[in-house]
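[1] Here is the input, now give the coordinates:
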Amino acid sequence: MPILNRAAELQDEVAEWRQHIHRHPELGYQEHETSAFVAEKLRAFGCDDVVTGMGRTGVVGIIRGSRGVGPTIGLRADMDALPITELSGKPYASSVPGKMHACGHDGHTAMLLGAAKYLAETRNFAGSVAVIFQPAEEGGGGGLAMVQDGLMERFGIQSVFGMHNLPGRPVGHFALRPGAIMAATAEFKVKVTGRGGHAAMPHETVDPIVAASQMVAALQTITSRNLDPVASLVISVTKFNAGHAYNVIPDTAEFAGTIRSLDDAVGAKARERLTAICQGIAAAAGAMVEVEIDVNYPVTFNHEAEAALALSVAAAISGADAADGDLPPMMGGEDFSYMLQKRPGAMIFLGNGNTASLHNPAYDFNDEIIPTGISYWVKLAETTLAA
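    Below is the predicted model of the structure:
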């Protein structure tokens, strides 16, 4: 079962769609033009139902098979861009300053549109396929918004699958793993309030910079001294702001960052320890501290049977040597996790080749992988919904 001939024939057309979306990037919950483009295509393909406004700016198309009654499978792509200035130099580069498709969501959307066109033409399955075009994956929780809008119940979705490109993996190679494949995420903000004064008279102040710096250093002990060494946890401080003058100790210092874990209990422990460490150091310094923690995406967890199914389809398309079923877990977050909490399914990765990394201003989705992605979606649907 190699790449479908029809998928190969669609490559140029789908690449044009992808490049159109790439030129017109929209951030989370602002995907109005992208959603309209997707909905127009789905209607033109002859989808039985096209529903807009799911999860605010999401779109769902329903394609009913010609081989009788059966279950409904959900196939999901994300649509939003990132607040990054593009440096790819491509002729179809972003036309919107400060916004670009730096994670390949333009490619994900285009490949699923290509699969929808094929499936609407052939309908060689029993049951229905729900093609899900999700908004706001990049921190906006669009997956949760669609679930809360009744995505699964409204369309009777019984299993759901996602796909993401992966730079560094050979073109057309697939990879996934059962169980935890991507991390749970949380963001934290810490504000330390001391007593400012002259930099030459630190004894008359309560220096918030020193206290905050001690906190930043101490947070690294959570991973090294509070958790089992085999547990996966990342705590990264990514912002630190304090002061405006070289000769003034300020009143406040603030820092912020992210927590990533592959286990909910580990994440909870990290959040507990972060708060306790900051409070303890502040008390020792005579400062005040405010800790805010925003728990974001849960662990992306592939269900065993569905991961095995996805791997078998990938191997049939690209060959067993190009379908890795033991991909190491990644500490990035993914809000497809919310859909996997509601229904069994799996997220798979498709190699983008030797390209710039995700979220890099030089990144570009590799159009060479379009036929492989379309073939995967089609054969996954036809295999799952075989009469």
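[2] And the chain, what are its domain boundaries?
    Split into domains by automatic domain parsing, the chain comes to 5-182+299-384, 184-295.
[3] Check the ones you listed for me and report the most buried one.
    Highest mean neighbour count among these (mean count of other Cβ atoms under 10 Å): domain 5-182+299-384, with a mean of 21. No exception for glycine: its C-beta is placed from N, CA and C like everyone else's.
[4] does Ala253 sit in a helix or strand, and which one?
    Using DSSP states H and E, Ala253 maps to strand 252-261.
[5] That strand pairs with which strands, parallel or anti?
    Its sheet considered, strand 252-261 pairs with strand 184-193 (antiparallel), strand 233-242 (antiparallel) by DSSP bridges.
[6] ok, and what's touching the last one?
    Residues from elsewhere that reach strand 233-242 (Cβ atoms under 8 Å, 6 or more residues apart in numbering): 183, 208-209, 212, 216, 219-220, 222-223, 227, 250, 252-261, 266-267, 270, 274, 331.
[7] Over to the first one?
    By Cβ under 8 Å, 6+ apart, the surrounding residues in contact with strand 184-193 are 208, 211-212, 215, 251-264, 267, 271, 274, 278, 282, 287-299, 333, 337.
[8] Show the end-to-end separation of stretch 134-147, please.
    10 Å (Cα to Cα, to the nearest Å).
[9] how about Met79, what does it touch?
    Contacts of Met79 by Cβ under 8 Å, 6+ apart are 21, 26, 31, 34-35, 38, 57-58, 105, 108-109, 133-135.
[10] sorry, back to before: can you put the strands paired with strand 252-261 in JSON lines and add mean pLDDT and distance to Trp377?
    Converted to JSON lines, the strands paired with strand 252-261 look like this (pLDDT from 0 to 100; distance: least, Cβ to Cβ, whole Å):
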{"stretch": "strand 184-193", "mean pLDDT": "98", "distance to Trp377": "27"}
{"stretch": "strand 233-242", "mean pLDDT": "98", "distance to Trp377": "32"}
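[11] and Val147, which of those is closest to it?
    Of all the strands paired with strand 252-261, strand 184-193 sits nearest to Val147, with 16.4 Å by Cβ to Cβ.
[12] Please compute how far the closest one lies from its chain's middle.
    Relative to the centre of its chain, strand 184-193 is centred 21 Å away, using Cα atoms, centre = their mean, to the nearest Å.
[13] now the contacts of Met79 in CSV, with distance to Tyr246, secondary structure and pLDDT?
    Formatted as CSV, the contacts of Met79 follow (distance: Cβ to Cβ, whole Å; DSSP: H, G, I helix; E, B strand; the rest coil; pLDDT from 0 to 100):
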residue, distance to Tyr246, secondary structure, pLDDT
Ile21, 48, helix, 98
Glu26, 42, coil, 98
Glu31, 45, coil, 98
Thr34, 47, helix, 98
Ser35, 50, helix, 98
Val38, 53, helix, 98
Thr57, 47, coil, 98
Gly58, 50, strand, 98
His105, 44, helix, 98
His108, 48, helix, 98
Thr109, 49, helix, 99
Phe133, 52, strand, 99
Gln134, 48, strand, 98
Pro135, 45, coil, 98
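[14] Closest one to Gly74 out of the residues you listed, please.
    The closest of the contacts of Met79 to Gly74 turns out to be Gln134 (Cβ to Cβ; 10.4 Å).
[15] wait, what's in contact with the residue nearest to Ile132 when sequence neighbours are not counted?
    Distance criterion Cβ to Cβ, 6 or more residues apart in numbering; nearest residue to Ile132, sequence neighbours excluded, is Arg76 at 4.2 Å. Arg76 is in contact with Leu112, Ile132, Phe133, Gln134, Gly143, Val160, Phe161, Gly162, Phe336, Met339, counting by Cβ under 8 Å, 6+ apart.
[16] CSV for these, including secondary structure?
    Shown next, in CSV, are these (DSSP: H, G, I helix; E, B strand; the rest coil):
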residue, secondary structure
Leu112, helix
Ile132, strand
Phe133, strand
Gln134, strand
Gly143, helix
Val160, strand
Phe161, strand
Gly162, strand
Phe336, helix
Met339, helix
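[17] If you average the pLDDT over stretch 327-340, what comes out?
    The average of the pLDDT scores along stretch 327-340 is 97.
[18] Now the residue nearest the centre of the chain: which helix or strand?
    Using Cα atoms, centre = their mean, the residue of the chain that lies closest to the mean C-alpha position is Glu334, 3.3 Å off. Element membership of Glu334, judged by DSSP H and E, is empty: it is in no helix or strand.
[19] Can you pull the phi/psi pair for it?
    Per-residue torsions, Glu334: phi -160, psi 120 (degrees, to the nearest 10).
[20] give me every residue that touches it.
    Taking Cβ under 8 Å, 6+ apart, one finds Glu137, Gly162, His164, Met182, Tyr297, Thr300, Met347 in contact with Glu334.
[21] Perfect, I'm done here.
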